[in-house]
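Participant: Sequence and predicted structure, then a few things I'm wondering about:
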Amino acid sequence: MANITVIGSQWGDEGKGKIVDWLAAKADVVVRFQGGHNAGHTLVIDGKTYKLHLLPSGVVRGKLSIIGNGVVVDPWALLKEVDRLKEQGVDITPENLMVSESAPLILPVNSALDKALEEARGASKIGTTGRGIGPAYEDQVGRRALRMCDLAHPETLRRKIEKLAFYYNALYKGLGAESFNVDELVAQLQEVAPRILPHVAPVWRVLDKAKNANKTILFEGAQGVMLDVDHGTYPFVTSSNTIAAQAANGSGVGPDQLGFVLGITKAYSTRVGSGPFPTELFDAVGDTLTERGHEYGTTTGRRRRCGWFDAVQVRQSVKICGIKGLALMKLDVMDTLDEIKICTGYTADGKTYDYIPASEDLQAKLQPVYETMPGWKTPLRGMRKLSELPAAALKYIHRLEELTGVTAVIISTSPEREDTIRVKVNNQVKTAGYFILVAINVDFIME
Ligand code: GDP
Ligand code: IMO
Ligand code: MG
């Protein structure tokens with residue numbers, strides 16, 4: 001199997017964890033390349049649920065799991081997650097979990113500041129996960145961050161923390177918060193360092209060796225394209241690049257290593273936190289999607305906002321990331337709907353848009369233009385063959401393919417690992433009088 005870069009094509013929580021775990025059967029290495037423990041990736045294997053935040057989803061299969069330099073790592077959250085997974089029977093060792101020596105650390109000051117800033121924003125809050133992600137990335141680009149490699153050098157650690165205190169104490173004074181205790185933080189980090197350091201490595205070299213040995217690498221994105229700090233619905237975004245190109249930056253491989261870019265895509269839309277969401281539903285259909293889809297956050301437990309599939313938005317993600325195929329998730333959640341809408345464009349201020357403009361003022365005004373299709377009113381949950389899908393479901397999939405410009409190469413019908421359909425290639429499938437033409441060759445997926 002060739003390398004695959006897995007990207008969330010919407011606002012996160014598309015089902016990336018499920019697909020990375022499924023694909024990991026045929027991969028050798030799984031790499032996280034951005035974000036941090038703001039992510040929540042759920043795997044369900046034979047009825048047993050695993051929730052991953054920082055650890056790559058390949059870890060459950062025992063695959064070499066790498067946390068790249070682009071990930072901001074809270075050392076305490078990392079150890080907690082390792083312990084929780086070990087309790088679930090997952091074997092985690094320095095041989096199968098490696099963390100980049102240049103990954104920036106998330107410190108308690110970062111999460112405290114994240115929460116304080118959100119509180120200060122009041123009604124205009126972003127709805128962050130409160131994990132300190134934004135402030136940690138700010139420290140990195142501000143050139144004052146502590147990094148994994150610093151844990152091995154106590155003197156450097158103290159010197160850098162003193163510098164950090166200079167910065168944070170000025171900020172804290174403005175916010176009326178307590179000042180920063182250097183000794184306490186040095187002691188806290190020295191306590192965790194012995195457990196973390198055995199996992200710390202120059203992972204770009206490990207990935208280079210894997211490449212030379214013809215190993216298959218999966219790059220596991222977190223969040224989604226609309227939460228990208230450059231390309232998303234700014235400022236209602238996360239603080240990292242979530243697009244495919246970041247897989248190279250955030251792990252230290254060349255852009256030629258990214259392979260097939262797979263866009264994980266829900267059959268409807270969800271968003272957690274604030275910000276524009278043109279197809280959001282405030283009616284009984286929205287409630288149905290929330291309840292049937294269990295749309296409550298894996299990380300914060302917050303209720304996710306739900307809406308119709310936004311083909312304009314997903315098409316934009318396809319183009320920005322070079323997505324070659326979609327993994328279409330959670331179709332089964334829509335089983336009971338009489339009719340289904342798809343957003344095919346927007347209007348705002350008397351103009352029509354076939355893309356999401358960058359202005360936050362315009363984004364807030366976008367009104368969706370819909371087309372309507374009949375629902376399939378058949379339980380899809382657990383289906384494992386394309387030929388089992390009813391004609392109305394196939395028509396819906398085909399329309400999404402037409403509008404987004406890429407084919408659905410994987411279709412998922414439940415949270416379970418094996419309830420996953422790999423759409424065969426160059427195949428003409430006839431179901432109930434309806435034809436699907438799969439145009440591109442994706443044979444290497446799971447071959
Ligand atoms: P991620 O952040 O992209 O990995 O997605 P999350 O794990 O946060 O959210 C996706 C949720 O949908 C999880 O609870 C999954 O178990 C669940 N899920 C994934 N695929 C399917 C599917 O095809 N059908 C249903 N009903 N649930 C799914
Ligand atoms: P996965 O990987 C959905 C959202 C937050 C908030 C915004 C900024 O599970 O898909 P942050 O804490 O990152 O500064 O919050 O981004 N957000 C996510 N939404 N899925 C995620 O990850 C998310 N990670 C962050 O809700 O709106
Ligand atoms: Mg999630």
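Facilitator: Arrived safely. Ligands and ions are numbered 1, 2, ... in the order given.
Participant: which strands and helices sit next to the longest strand seen in the chain?
Facilitator: Taking DSSP state E as the criterion, the chain has its longest strand at strand 339-348. In terms of contacts (3 or more CB pairs under 8 Å, 6 or more residues apart in numbering; DSSP states H and E), strand 339-348 is packed against strand 309-310, helix 311-321, strand 351-353, strand 367-374, helix 391-404. (Each C-beta comes from the backbone N, C-alpha and C, glycine too.)
Participant: closest one to Phe219 among the ones you listed?
Facilitator: In terms of CB to CB, the element of the helices and strands packed on strand 339-348 nearest to Phe219 is helix 311-321, at 11.5 Å.
Participant: List of residues touching the following helix or strand past that closest one?
Facilitator: Later in the chain than helix 311-321, the nearest helix or strand by DSSP states H and E is strand 325-329. If you take CB atoms under 8 Å, 6 or more residues apart in numbering as the criterion, strand 325-329 is touched by 6, 9, 14-15, 18-19, 260, 262-267, 314, 397, 400-401, 404, 406-412, 440, 442, 445.
Participant: Filter these down to the buried ones and express that as a PyMOL selection.
Facilitator: Only the buried entries of the contacts of strand 325-329 go into this PyMOL selection, using 16 or more other CB atoms under 10 Å:
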select buried, resi 6+9+14+15+18+19+260+262+263+264+265+266+267+314+397+400+401+404+406+407+408+409+410+411+412+442+445
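Participant: Report the entries of the contacts of strand 325-329 that also contact ligand 1.
Facilitator: Glu14, Gly15, Lys18, Ser412 (CB under 6 Å from any ligand atom).
Participant: so can I have CSV of these showing pLDDT?
Facilitator: Output for these, formatted as CSV (pLDDT from 0 to 100):
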residue, pLDDT
Glu14, 98
Gly15, 98
Lys18, 98
Ser412, 98
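Participant: C-alpha coordinates for stretch 83-103, CSV please?
Facilitator: Output of stretch 83-103 as CSV, limited to C-alpha atoms (Å, rounded to 0.1, in the frame of the first residue of the first chain):
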residue,chain,number,x,y,z
ASP,A,83,-1.6,4.9,31.2
ARG,A,84,-5.2,4.8,30.2
LEU,A,85,-4.5,2.8,27.0
LYS,A,86,-2.2,0.5,28.9
GLU,A,87,-5.1,-0.2,31.2
GLN,A,88,-7.1,-1.1,28.1
GLY,A,89,-4.5,-3.6,27.2
VAL,A,90,-2.6,-1.6,24.6
ASP,A,91,1.2,-2.2,24.6
ILE,A,92,3.1,1.1,24.5
THR,A,93,6.9,1.1,24.6
PRO,A,94,9.7,3.4,23.5
GLU,A,95,9.9,1.1,20.4
ASN,A,96,6.4,1.7,19.2
LEU,A,97,5.8,5.3,20.4
MET,A,98,8.2,8.0,19.5
VAL,A,99,7.9,11.8,20.0
SER,A,100,9.8,14.4,18.0
GLU,A,101,12.6,16.0,19.9
SER,A,102,11.5,19.3,18.6
ALA,A,103,7.8,19.1,19.5
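Participant: Quick check: buried residues in it?
Facilitator: In stretch 83-103, counting by 16+ other CB under 10 Å, buried: Leu85, Val90, Ile92, Asn96, Leu97, Met98, Val99, Ser100, Glu101, Ser102, Ala103.
Participant: go on, stretch 274-291?
Facilitator: Under the neighbour-count criterion of 16+ other CB under 10 Å, stretch 274-291 has 274-281, 285-286, 288-290 buried.
Participant: Near ligand 3, which residues of the stretch 201-350 of the chain are found?
Facilitator: Within the stretch 201-350 of the chain, the positions near ligand 3 by CB under 5 Å from the ion are Thr298.
Participant: list the contacts for whichever residue of the stretch 201-350 of the chain sits closest to ligand 2?
Facilitator: Across the stretch 201-350 of the chain, no residue is closer to ligand 2 than Gly273, which sits at 2.2 Å (CB to the nearest ligand atom). By CB under 8 Å, 6+ apart, the contact list for Gly273 reads Ile126, Gly127, Thr128, Phe236, Arg302.
Participant: How is it assigned, secondary-structure-wise?
Facilitator: Secondary structure state of Gly273, per DSSP: H, G, I helix; E, B strand; the rest coil, is coil.
Participant: ok, it to Glu87 distance?
Facilitator: 30 Å (CB to CB, to the nearest Å).
Participant: do the same with His41
Facilitator: 18 Å.
Participant: cool, Leu171 as well?
Facilitator: As defined by CB to CB, Leu171 lies at a distance of 38 Å from Glu87.
Participant: Show me the beta-bridge partners of Ile45.
Facilitator: Lys48 (DSSP bridges).
Participant: okay, it: pLDDT?
Facilitator: Note on Ile45: pLDDT of 97.
Participant: who are the neighbours in contact with it?
Facilitator: Counting by CB under 8 Å, 6+ apart, the residues that Ile45 touches are Asp21, Val60, Glu416, Arg417.
Participant: Also Tyr172?
Facilitator: So Tyr172 contacts Glu178, Ser179, Phe180 (CB under 8 Å, 6+ apart).
Participant: the longest helix in this structure is where?
Facilitator: Longest helix of the chain, by residue count under DSSP state H: helix 154-175.
Participant: residues of that one that come out buried?
Facilitator: Leu157, Arg158, Lys160, Ile161, Leu164, Ala165, Tyr168, Asn169, Tyr172.
Participant: ditto for stretch 383-391
Facilitator: Met383, Leu386, Leu389, Pro390.
Participant: Could you see whether ligand 1 lies near that stretch?
Facilitator: No. Shown here: stretch 383-391 not in contact with ligand 1 (CB under 6 Å from any ligand atom), separated by at least 10.0 Å.
Participant: now do the same end-to-end measure for that stretch.
Facilitator: 14 Å (CA to CA, to the nearest Å).
Participant: what does stretch 397-411 give?
Facilitator: 9 Å.
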